[in-house]
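A.B. asks: Mind looking at a prediction? Sequence and model below.
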Amino acid sequence: MRLILLPIIDLLNHSNEPNIGLRPMHDKVEDRGYVTITALRDIEADEQLTISYGPLSNIHCAQKYGMTLADEKQQ
């Protein structure tokens, strides 16, 4: 398994209904990793981009990310 550092992506906030998806890819010819970013729906010009951190409990979110899912359905 390889790791990819994504210094800008880690600024994105979590949503249970994200508007973008991230997909790690590997170019076997160049032996390089990269990530594709795909819109999951139409995104308004001033809308914040969000991703899903996964199905996490509020306890896990508080411990790992310093936030809770107060406004969304808890996983």
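C.D. replies: Ah, there it is. Numbering: from 1, shown residues only.
A.B. asks: where are the low-confidence patches of the chain?
C.D. replies: Applying pLDDT under 70 to the chain flags residues 1-3, 70-75.
A.B. asks: rerun at 90
C.D. replies: Across the chain, residues meeting the criterion (pLDDT under 90) sit at 1-16, 24-26, 31-35, 52-75.
A.B. asks: Do a quick rundown of the strands in it.
C.D. replies: 13-14, 20-27, 32-39, 50-51 (DSSP state E).
A.B. asks: And the third one, what's buried?
C.D. replies: Just to be clear, that refers to strand 32-39. Within strand 32-39, no residue counts as buried by 16 or more other CB atoms under 10 Å. Backbone N, C-alpha and C define where each C-beta goes, glycine included.
A.B. asks: ok, that strand: who's next to it in the sheet?
C.D. replies: For strand 32-39, the paired strands and their directions (DSSP bridges) read strand 20-27 (antiparallel).
A.B. asks: And the partner strand, what's buried?
C.D. replies: When burial is assessed from 16+ other CB under 10 Å, strand 20-27 yields the following buried residues: Ile20.
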